[in-house]
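J.: okay, sequence plus prediction incoming.
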Amino acid sequence: QVQLVESGGGLVQAGGSLRLSCAASGRSFSSYDMGWFRQAPGKEREFVAAISWIGSATRYADSVKGRFTISRDNAKNTVYLQMNSLKPEDTAVYYCAADQRRTVIISIRPSSYDYWGQGTQVTVSS
């Protein structure tokens, strides 16, 4: 069992940056693949980025590739999402999630993730 708490969201102008954090409590954080997802009003939850349990592999949605960077610090039980060059279409509630399966390929499907945070709002103004 792991509990996830996101922070770092807020209001930013287009072109700006934010850094989201997701703090995990409970055992075995370092054994989970971690992902970031987002959900805009009226839309389905979508994959943003993910990182393997050991931190050696990452995946990104095409829409954020080159602008967002996911990282983790297993000593601090925290995963980060650095978001640069933000666009109004990045506006959403951002969720972090933990996948305990440790498969070879990091999953981009929300259904693969076992634990979720409560989300943090990111709003990008034009």
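T.: That came through fine.

J.: when you work out contacts or count neighbours from here on, use the C-alpha atoms and nothing else.
T.: Noted.

J.: which residues touch the residue nearest the centre of the chain?
T.: Central residue of the chain (CA atoms, centre = their mean): residue 36, 2.0 Å from the mean position. Taking CA atoms under 8 Å, 6 or more residues apart in numbering as the contact definition, residue 36 lies against 47, 48, 49, 50, 81, 94, 95, 96, 97.

J.: mind putting those into CSV with distance to residue 111 and secondary structure?
T.: Output for the contacts of residue 36, formatted as CSV (distance: CA to CA, whole Å; DSSP: H, G, I helix; E, B strand; the rest coil):
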residue, distance to residue 111, secondary structure
47, 11, strand
48, 14, strand
49, 15, strand
50, 14, strand
81, 21, strand
94, 16, strand
95, 13, strand
96, 13, strand
97, 10, strand
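
J.: kindly indicate which of those residues lies nearest residue 121.
T.: Closest approach to residue 121 among the contacts of residue 36 (CA to CA): residue 94, at 6.2 Å.

J.: partners of that closest one in the sheet?
T.: For residue 94, the beta-bridge partners under DSSP bridges are residue 38, residue 120.

J.: cool, and residue 18?
T.: Beta bridges link residue 18 to residue 83, judged by DSSP bridges.

J.: which ones are touching it?
T.: Contact analysis of residue 18 by CA under 8 Å, 6+ apart lists 8, 9, 10, 12, 82, 83, 84.
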